[in-house]
Structure formats: structure tokens, C-alpha cells
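Asker: Quick one, fold the following:
(one chain, ligands or ions: 1)
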Amino acid sequence: MNITMVGSGYVGLVSGACLADFGHRVVCVDSNRDRIDALKAGQIPIFEPELGALVAENVRQDRLSFVAELEAAVAEADAVFIAVGTPSRRGDGFADLSYVYQAARSIARAMTGFTVVVTKSTVPVGTGDEVERIIREIRPDADFAVVSNPEFLREGAAISDFKRPDRIVVGTEDPRAEAVMREVYRPLYLNQAPILVTSRRTAELTKYAANAFLAAKITFINEIADLCEQVGADVQQVARGMGLDNRIGGKFLHAGPGYGGSCFPKDTLALVKTAQDAGTPLRLVETVVAVNDQRKRGMARKVIRACGGVRGKTIAVLGLTFKPNTDDMRDAPSLAIVAGLQDAGAQVRAYDPEGMEQARPLLPGVDFAQDPYACAEGADALVIVTEWNAFRALDLARLHATMRAPILVDLRNVYRPEEARLHGFAYTSIGRAEAP
Ligand code: NAD
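Answerer: Reported below is the predicted structural model:
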């Protein structure tokens, strides 16, 4: 099939490369010319494990190409995917759909023959109807169908998630469009990935419901962690005891500094707005949003408490991205934590294996170090914010020797309390009772 991917960011580029790898001919489009120039020059503008090799191989096989102008690619396409950003709108938190509608208008002008327009971006329920209306208005003559096909991949594991999804959700009531979508995903279907065909609105809402549920699960264990600290229980063991129940499952039960990233914060907020507009407020999700917002800032207070105040002190922060294996800094908890520490008078020094370039403009006043040990040198406390593998087996004796004060605040529970204390650290973590 001929597929055009409009938007070549984390989702568009990964989806485009994977669909090309399935054997389709894929053209990735992006309005950001620098991004397209980089891709044409063989550079990958984002950090995602294995993406470079996958892109290179499919370019070499002539199945994957990159263009800045979508006209020719859309004219030839059987399916055009919209994978542009849908950030929170300033002011009210509703999803900003301007990029989606802009893409729809461009696609409308360029398409020829029966074309399936697929919304892969996460969009509020009813957006597909509006995309259809926009295209119909511009091209009353056109033969097309608008399908919702939300993406569930996770950054950091995006390629395996795309190639081995738990399910594929396709929202359409048009049999021709359904046939095209089944053909697009046929290689996965052979792998027995379930394809769930629903109405368009159902598919759109499924994505938000799934993300809100996961955000609620994280927030639930985070609050249990706070309770554990007060009553002398261990959240790691509580989570394990809960997660072994198949009805609950162990994933997304890791207590930490609060969820962040490019999806959960904006998607929970957008769902809250949609539900309020529909007259059926989702109180549970509203609370999740509020609890999580407060939590991130609360983590700075936790560090400040562990240090007995931070004014004039140097705090070393390990990990800035919202999770490991990505360079994505969007809504990362580190942003609120670092700001909280700076507000309290700390000088912050930070290190992240992949995120420092994106972090730099977002974190004014922060010094950046070249490795974890340089980051910790002379510091009054070390704070682990993101659980990169590189931070899982640090030489604690070396750290202890290089720091001014041996205070370790582990917001991801990477270390065992006994281990850290054995090395002479005053150790604070999440949801584990302090040392007697
Ligand atoms: P991104 O910001 O990384 O990429 C979006 C790209 O679209 C940018 O490169 C931008 O230049 C381009 N773009 C914007 N308008 C365009 C236009 N009119 N024509 C061509 N290109 C255009 O965003 P992302 O993280 O890939 O997210 C895209 C969508 O997928 C969002 O709706 C997001 O919620 C959803 N999603 C993201 C993830 C994730 O992990 N990042 C997972 C699932 C779903």
C-alpha cells in the first residue's frame, strides 16, 4: 500500500518506519523543514532505541522517504495518517486541534481517488467528525473516509510496541475504509494482534479512557506510598502484593515523583474538559490531575526536608526526561522539581544520558554535568529523578567520597535502603519507612 504519514515526530516517524518495515511504501511528511532535511541526511531527530537502524534499512530498501510538501505523496496514497501534535491549549487545557485541522485542510486539497484519512494523533471525541466536515467543505467531490486509529506506543519502547501491540483500535463504520485498515495492519494480524473495529467516536474515547486509567493507577500507588511513609509500610511490597492479583496486574504500580511526559498530563486534562463539556464530569480523573500536579512540586519539598533546607546548597539531579530511554522533556516531573529547588535557594546541577539538549532551554540556571560522578562532585545531596539504567548500579562509595554531604534522595526507589545506608548515605525514597 501507499501510505503517507503527516507529522514525523515520535509517533509519526516510528509508525512510518514500522509500516515501511511491514512492506508498505511510506512517505513521511513534516512541516518542519529542518526535521525533514535531517532525516534526508540520515539523521534521526529524536532519541528512540533502534529507530536509526530501522529508518536506515527501510530508506535503503526504497520503502521509506521524507518530504516537506505533502501534495504528491497524498495524491498517490491509499491511506494518509495524521500524526501531528495535539498539545494542551493555553488557558483551558483542552486539546489544541489546530495542527490536526491544518493537516486535514492540506490533505483535502491534495487527495485523488478513494483515500482513507486516518487520525493517529490523540484527539477528543468528535474530532473525526470535524475532520470529515473540513475535508468535505474543501472538496465536496472527494471520495474519502475518515478513520480513528489511536496510537498506544510508549516512548522508549516504541518500535516493539508498534510491532507487537496489545491491540489495534480502528474506528470506522465504512467497510471500504475498514478493508484498507486491515490491509495496513495485516502483518500484525498474522501475529495475532487483535484488531478492534468500533465506531469512530468509540475509538477516539478509548484512547483517552486508557490513558486516564493508567494515570489513575500511577496516582493511586503514589498516594498509597505517602500513606506507607506515615504508617511504616513498604510500598514496593504493597504494590507487589496487589499486582500479583491478575485483576489488578503489576504494571504502572511503581510509586514515584508523579507522571509526566507528552501524553498523560495533556490527555487527562483534555478528557476532563471533554467530560465537563458533555455535562458528565469525571471526578476521579479530575482528582488524579490535581493530585499529580501537587505531587511534582511536593517532591521538591521532600528533597528540601531531606537536606534540612537547600539555600546556598548544591543539589545534584540525576535524570531529567520523564522516563528512561527517551530525550522527551515535555511535562517531565524534573521541571517542577528543579524549579522548586531553585525557588528554595538551591543551585542545581544535573545530568541526563539523552535529555540534556532538550532540557537546557527549559531549565535556566541549571549547570549540566557530563556524567553522574561529575554531577555529584561537591554536592550537598544527590536526587535520582529518572531511573535510567545508568543510575541503577552507581558506585556508591565513589559518590560518597566525592559529595560534600552524603544525602541520597531516590525518587524512583532504585536502591535498597540498607545498601545506601551501608555506604553511609542518609537515604530517602518513596513509600518506604525511614530508618528507625
Ligand atoms: P511530536 O511533536 O513529536 O510530532 C509532531 C510532528 O508533527 C512535529 O514534527 C511537527 O512539526 C509536525 N507537524 C505539525 N503540523 C504539521 C502539519 N500540518 N503538516 C506536517 N507536519 C506537521 O508529537 P508526537 O509525540 O509524535 O505526538 C503526535 C500525536 O500522537 C499526539 O496527538 C500525541 O498525543 C499522540 N501520541 C503520542 C505518543 C507518544 O508517546 N509521544 C503516544 C501515543 C499517541
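Asker: Identify the residue nearest residue 114 in space, chain neighbours excluded?
Answerer: The spatially closest residue to residue 114, leaving aside those adjacent along the chain, is residue 143, at 4.6 Å (CB to CB, 6 or more residues apart in numbering). In short, each C-beta sits where N, CA and C put it, glycine included.
Asker: Just the buried residues of the helix or strand of the chain with the lowest mean pLDDT, please?
Answerer: When each helix and strand of the chain is scored by mean pLDDT, DSSP states H and E, helix 186-190 comes last, with a mean of 85. Buried residues in helix 186-190, counted by 16 or more other CB atoms under 10 Å: 187, 188.
Asker: show me the contacts for the one residue in the stretch 301-436 of the chain that gets nearest to the ligand.
Answerer: Residue nearest to the ligand within the stretch 301-436 of the chain (CB to the nearest ligand atom): residue 328, separated by 6.9 Å. Going by CB atoms under 8 Å, 6 or more residues apart in numbering, residue 328 touches 10, 46, 155, 261, 262, 321, 322, 355, 358.
Asker: Now the fifth one, what are its backbone angles?
Answerer: Same thing as residue 262. phi -80, psi 0 (degrees, to the nearest 10).
Asker: surely it meets residue 329?
Answerer: No: counting by CB atoms under 8 Å, residue 262 sits too far from residue 329 to count as a contact (9.1 Å).
Asker: tell me the contacts of residue 13?
Answerer: Taking CB under 8 Å, 6+ apart as the test, what residue 13 contacts is 5, 28, 39, 44, 45, 46, 48, 51, 55.
Asker: can I assume the fourth one sits in a helix?
Answerer: This points to residue 44. No: assessed with DSSP: H, G, I helix; E, B strand; the rest coil, residue 44 is coil; it does not lie in a helix.
Asker: Just give the closest residue to it, not the sequence neighbours.
Answerer: Nearest residue to residue 44 in three dimensions, chain neighbours excluded: residue 52, at 4.7 Å (CB to CB, 6+ apart).
Asker: repeat for the last one
Answerer: Across the structure, with CB to CB, 6+ apart as the measure, the residue nearest residue 55 apart from its sequence neighbours is residue 17 (5.0 Å).
Asker: Those residues of this protein touching the ligand, which are they?
Answerer: Residues of the chain lying close to the ligand (CB under 6 Å from any ligand atom) are 6-12, 29-32, 35, 83-86, 99, 102-103, 121-122, 151, 153, 155, 262-263.
Asker: Narrow the residues you listed to those that are buried.
Answerer: 6-12, 29-31, 35, 83-86, 99, 103, 121-122, 151, 153, 155, 262-263.
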